[in-house]
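Engineer: the following comprises the amino acid sequence and a computationally predicted model.
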Amino acid sequence: MLVQWCEFFIDVCRDQVDFMTTLLQRQTLKAHLGALIRVRMAEREDYREELILPLLHVLAVGPVSRKDFTQMTGLGATTARKSMSRLLRDGLLKSASHKSGVLIGIPLDALNILFPNLYPEAAAISLE
């Protein structure tokens, strides 16, 4: 029985590692970030497709300066700053102060899109 239990346990661990590996692959994260941005574009005007790659960069590499983030968008300075401000208000970006760099944030209302099947209960949470 111990051998059977160990085999079961290892199979469950392997399944979970495979699931998380797929979920955290760069292409998967890019697709999920793209889906999130497109959903938000339908709801708010400050979201643009050009935000996907800078967000993916911040997620993969870590904090960047505000100037670098706005340049990565390829948008005009005013539009890029407005979009970054929206991301900060919505929690997709975080910053320690108004002058410090930005890092990725993962708000509760984005969990079901960014990490589907990991937090299915997030889709049912009302944040109002």
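Structural biologist: Yep, it's here.

Engineer: need the helices for the protein, in chain order.
Structural biologist: 2-23, 26-43, 52-61, 66-73, 77-90, 111-114 (DSSP state H).

Engineer: can I get these in JSON lines with mean pLDDT and distance to S97?
Structural biologist: Every C-beta, even on glycine, is put in place using the N, C-alpha and C of the backbone. Shown next, in JSON lines, are those (pLDDT from 0 to 100; distance: least, C-beta to C-beta, whole Å):
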{"stretch": "helix 2-23", "mean pLDDT": "95", "distance to S97": "32"}
{"stretch": "helix 26-43", "mean pLDDT": "91", "distance to S97": "25"}
{"stretch": "helix 52-61", "mean pLDDT": "93", "distance to S97": "17"}
{"stretch": "helix 66-73", "mean pLDDT": "94", "distance to S97": "11"}
{"stretch": "helix 77-90", "mean pLDDT": "93", "distance to S97": "11"}
{"stretch": "helix 111-114", "mean pLDDT": "88", "distance to S97": "26"}
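
Engineer: out of those, nearest to G105?
Structural biologist: helix 77-90 (8.2 Å; C-beta to C-beta).

Engineer: and that closest one, how far out from the chain's middle?
Structural biologist: 16 Å (C-alpha atoms, centre = their mean, to the nearest Å).

Engineer: could you name the helices and strands sitting against that helix?
Structural biologist: helix 66-73, strand 93-94 (3 or more C-beta pairs under 8 Å, 6 or more residues apart in numbering; DSSP states H and E).

Engineer: highest average neighbour count across the ones you listed?
Structural biologist: strand 93-94 (a mean of 21; mean count of other C-beta atoms under 10 Å).

Engineer: circling back: make JSON lines from the helices and strands packed on helix 77-90 and add distance to C13 to it.
Structural biologist: Conversion of these to JSON lines gives the following (distance: least, C-beta to C-beta, whole Å):
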{"stretch": "helix 66-73", "distance to C13": "37"}
{"stretch": "strand 93-94", "distance to C13": "32"}
